[in-house]
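**Student:** Sequence first, then the predicted structure:
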Amino acid sequence: MNSALLKATSSKKTQGIGLFSATALGVGGMIGAGLFSLLGTASAHAGSHIPLAFLLGAIAASFSIYSYAKLGATYPSSGCGATFTVMSFGPGVISGGINTFQYIDYLIAAALYAAGFAEYANTLIGESLAPLEAKMVGAGIVILYAGINLLGIGIVGKAETLAIDFVTIALLLFSVEGIRVADIGVFRVTEWSINGIAIATGILYINYQGFGVVKNPSNAMQEPQKELPLAMFSALILVTIAYMLFSTASILLLTPAQMAPYNGHVLAQVAQIVARKAGFVIIWTSALLVCAAALNATIFAASNIAADMANKRSVSKALSESVLKKTKLRALFISAIFVIALVLAFPLDVVGKMASLAFLVVYAAITYGHIRVRKQTGAKLWPLWAAITINLSLFATLFVNVMETTPSSGVALVVGLIGSFAIEAISRRYLNK
């Protein structure tokens with residue numbers, strides 16, 4: 001996600017925001033670091049069917065987008081999904097636990113972007129860093145951007161807007177040129193399985209989670225009931241086309257076996273094939289820019305979630321006053337420590353899976369809450385149940401894979417989920433005055 005885009009939503013509350021601007025927010029929110037970091041990981045499961053996994057991921061996200069669009073149009077707010085849980089479940093342990101886990105979810109995503117930055121930084125120097133040294137680079141960039149968020153330097157947001165524009169144009173140009181120069185005659189479709197494609201779809205789901213950026217300025221739209229759904233779905237369609245172009249160029253130029261050694265930086269290798277050293281440098285630069293922008297935006301979004309939870313009492317009084325509302329420094333410090341711990345504890349591909357798992361369960365929970373207020377939003381019932389079913393199915397498939405490969409990360413995610421509700425329940429029962 002782009003923090004400049006996120007910050008722009010608050011400045012446009014009084015100015016209003018149109019359909020084109022809202023669509024641009026969505027595109028900027030979804031074109032993110034996951035594409036640079038997780039393409040190789042997904043290819044290990046889907047083989048040459050990566051474009052199909054991206055398409056299925058878009059279809060899966062479309063049902064959650066429908067739910068969010070209806071909720072955002074009914075409850076226009078510059079806040080995050082925390083608002084929706086309180087409206088659906090009421091203030092209490094359920095909404096507080098979901099919102100606490102949603103906050104953790106954003107921190108997991110931040111760890112993915114920090115790890116992606118470290119991966120591409122390591123490629124610049126010929127992959128000469130030891131694993132622990134690369135992780136320290138990831139930890140260092142977290143500290144840097146936590147400090148930037150604390151200082152609130154406005155120029156950074158403008159720079160990130162330009163960075164996202166540069167990255168999008170560069171990827172589109174390389175994708176079109178890559179498809180043009182590829183030798184279609186030597187391309188071979190790999191074997192596939194429903195389970196493998198489902199796992200890849202779950203892994204790539206995080207590439208669509210930025211759709212929530214569009215709902216943030218819904219209270220600044222003249223007709224949110226019409227404009228918000230149209231903007232969100234327009235952004236999804238544009239981003240899906242772009243992702244399918246990127247992935248098609250990649251599979252035409254590299255087989256899954258050839259991608260494997262470049263797992264965390266496949267696009268840089270693709271660009272090198274298309275334009276040699278210049279291509280490598282441009283995509284490497286793009287990756288660093290987008291990972292840094294996504295990290296900064298995610299820390300910013302996490303801070304917004306924390307503030308929204310505190311201001312609207314969507315978590316317990318004890319948590320809101322002792323942790324979230326005291327000082328921005330404290331919130332940033334807690335967030336940075338959590339993100340750094342994830343960067344040091346888990347490799348890039350594992351953090352990516354954890355982030356997708358967390359978003360899948362959060363969106364399923366929020367959509368289930370939507371069913372409780374469906375009469376107010378006017379939403380049809382079947383898309384909501386479709387969102388819940390698809391999200392939980394992808395979650396179950398990916399979770400089984402995680403438990404088979406890196407069970408410690410699966411256990412950590414479950415502990416975080418259960419702990420979110422446990423802490424909320426305990427603090428409400430014993431610590432509130």
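**Tutor:** Now that the structure is in, tell me what you want to look at.

**Student:** what's the longest helix in this structure?
**Tutor:** helix 266-311 (DSSP state H).

**Student:** now for it, which elements pack on it?
**Tutor:** For helix 266-311, the helices and strands in contact under the criterion 3 or more Cβ pairs under 8 Å, 6 or more residues apart in numbering; DSSP states H and E are helix 3-11, helix 33-46, helix 81-89, helix 93-124, helix 131-151, helix 154-181, helix 224-253, helix 328-345. Where C-beta positions appear, they are placed from N, C-alpha and C, glycine not excepted.

**Student:** Phe280 is nearest to which of those?
**Tutor:** For Phe280, the closest of the helices and strands packed on helix 266-311 is helix 93-124, at 8.4 Å, according to Cβ to Cβ.

**Student:** so how far is the closest one from its chain's centroid?
**Tutor:** Remark: helix 93-124 is offset 8 Å from the chain centroid, using Cα atoms, centre = their mean, to the nearest Å.

**Student:** So which other helices or strands are in contact with it?
**Tutor:** Judged by 3+ Cβ pairs under 8 Å, 6+ apart, helix 93-124 is in contact with helix 33-46, helix 81-89, helix 131-151, helix 266-311, helix 328-345, helix 348-372, helix 407-426.

**Student:** Quick one: work out the angle between the last one and helix 348-372.
**Tutor:** Orientation note: helix 407-426 sits at an angle of 40 degrees relative to helix 348-372 (axes from the mean of the first three to the mean of the last three Cα atoms, to 10 degrees).

**Student:** packing partners for helix 407-426?
**Tutor:** By 3+ Cβ pairs under 8 Å, 6+ apart, helix 407-426 packs against helix 93-124, helix 348-372, helix 381-405.

**Student:** which secondary element of this structure has the worst mean pLDDT?
**Tutor:** helix 3-11 (a mean of 44; mean pLDDT, DSSP states H and E).

**Student:** number of nearby residues for the closest residue to Trp192 other than its chain neighbours?
**Tutor:** Distance criterion Cβ to Cβ, 6 or more residues apart in numbering; nearest residue to Trp192, sequence neighbours excluded, is His49 at 5.1 Å. Look at His49: counted by other Cβ atoms under 10 Å, it has 25 neighbours.

**Student:** Return, as residue ranges, the portions of the stretch 201-350 of the chain with sub-threshold pLDDT.
**Tutor:** Within the stretch 201-350 of the chain, the stretches with pLDDT under 70 are 212-222, 297, 300-331.

**Student:** Report the secondary structure state of Glu127.
**Tutor:** Following DSSP: H, G, I helix; E, B strand; the rest coil, Glu127 is assigned to coil.

**Student:** which residues sit in contact with it?
**Tutor:** Taking Cβ atoms under 8 Å, 6 or more residues apart in numbering, we find Glu127 in contact with no residue.

**Student:** And for stretch 341-352, what's in contact with it?
**Tutor:** When contacts are defined by Cβ under 8 Å, 6+ apart, stretch 341-352 is touched by residues 34, 37-38, 40-41, 107-108, 111-112, 114-116, 118-119, 135, 138-139, 142, 203, 206, 263-264, 354, 402, 405-406, 408-409, 412.

**Student:** hmm, which of the residues you listed are the buried ones?
**Tutor:** Neighbour counting with 16 or more other Cβ atoms under 10 Å marks 34, 37-38, 40-41, 107-108, 111-112, 114-116, 118-119, 135, 138-139, 142, 203, 206, 263-264, 354, 402, 406, 409, 412 as buried within these.
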